[in-house]
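Colleague: could you work out the structure for the sequence below:
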Amino acid sequence: MKREVRSNWGQAVLVCAKCSKRVGGGFGPKGKQPLAKALRKHLHLKKGRKGDAGIVEVRCLGVCPKGAVVAVNAAHARVWNLIEPGADLDAVAATLGLRDQAE
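Modeller: Numbering: from 1, shown residues only. Have a look, this model is predicted:
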């Protein structure tokens with residue numbers, strides 16, 4: 001029996017929730033949002049499976065850098081990015097291979 005659920009995602013990014021909690025937010029216009037939430041808002045992504053890309057917070061990726069958040073584009077799993085708080089979200093989206101959905 002084949003079971004599956006479809007999504008509109010063209011890309012998926014994994015963001016370490018533990019790292020986000022350790023840096024205490026640091027992203028978004030006011031610098032208070034976690035990376036995953038700030039990226040979703042910045043790229044104007046719809047919630048859940050309806051979005052053009054998925055940005056998913058996962059428990060821990062095991063790298064645990066000081067003062068940064070680990071993010072991985074699932075299509076390019078060999079490259080793990082360390083994103084520092086206050087980073088420009090356009091640059092972060094480009095680094096992770098996400099295209100701006102507003103364009």
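
Colleague: only C-alpha atoms from now on, for both contacts and neighbour counts.
Modeller: Noted.

Colleague: and Lys37, that's in a helix?
Modeller: Yes. Judged by DSSP: H, G, I helix; E, B strand; the rest coil, Lys37 forms part of a helix.

Colleague: roughly how far does it sit from Lys2?
Modeller: According to C-alpha to C-alpha, to the nearest Å, Lys37 stands 33 Å off from Lys2.

Colleague: same check, this time on Leu45
Modeller: From Leu45 to Lys2 the distance is 29 Å (C-alpha to C-alpha).

Colleague: between those two, which one's more packed in?
Modeller: Leu45 (18 against 3; other C-alpha atoms under 10 Å).

Colleague: thought that one was touching Ile55?
Modeller: No. Using C-alpha atoms under 8 Å, Leu45 is not in contact with Ile55, being 9.1 Å away.

Colleague: give me the common contacts of those two.
Modeller: Both Leu45 and Ile55 lack any common contact, where contact means C-alpha atoms under 8 Å, 6 or more residues apart in numbering.

Colleague: flag the shaky bits of the protein, pLDDT-wise.
Modeller: 99-103 (pLDDT under 70).

Colleague: can we see that at 90?
Modeller: Within the chain, the stretches with pLDDT under 90 are 1-2, 5-6, 24-25, 29, 47-48, 99-103.

Colleague: can you give me the helices in it?
Modeller: 17-23, 35-42, 89-96 (DSSP state H).

Colleague: turn those helices into a markdown table, columns for distance to Ala68 and mean neighbour count.
Modeller: Output for the helices of the chain, formatted as a markdown table (distance: least, C-alpha to C-alpha, whole Å; neighbours: other C-alpha atoms under 10 Å):
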| stretch | distance to Ala68 | mean neighbour count |
| --- | --- | --- |
| helix 17-23 | 7 | 19 |
| helix 35-42 | 10 | 20 |
| helix 89-96 | 12 | 16 |
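
Colleague: of all the ones you listed, which one is nearest Val70?
Modeller: helix 17-23 (6.8 Å; C-alpha to C-alpha).

Colleague: packing partners for that closest one?
Modeller: Secondary-structure packing of helix 17-23 (3 or more C-alpha pairs under 8 Å, 6 or more residues apart in numbering; DSSP states H and E): strand 69-73.
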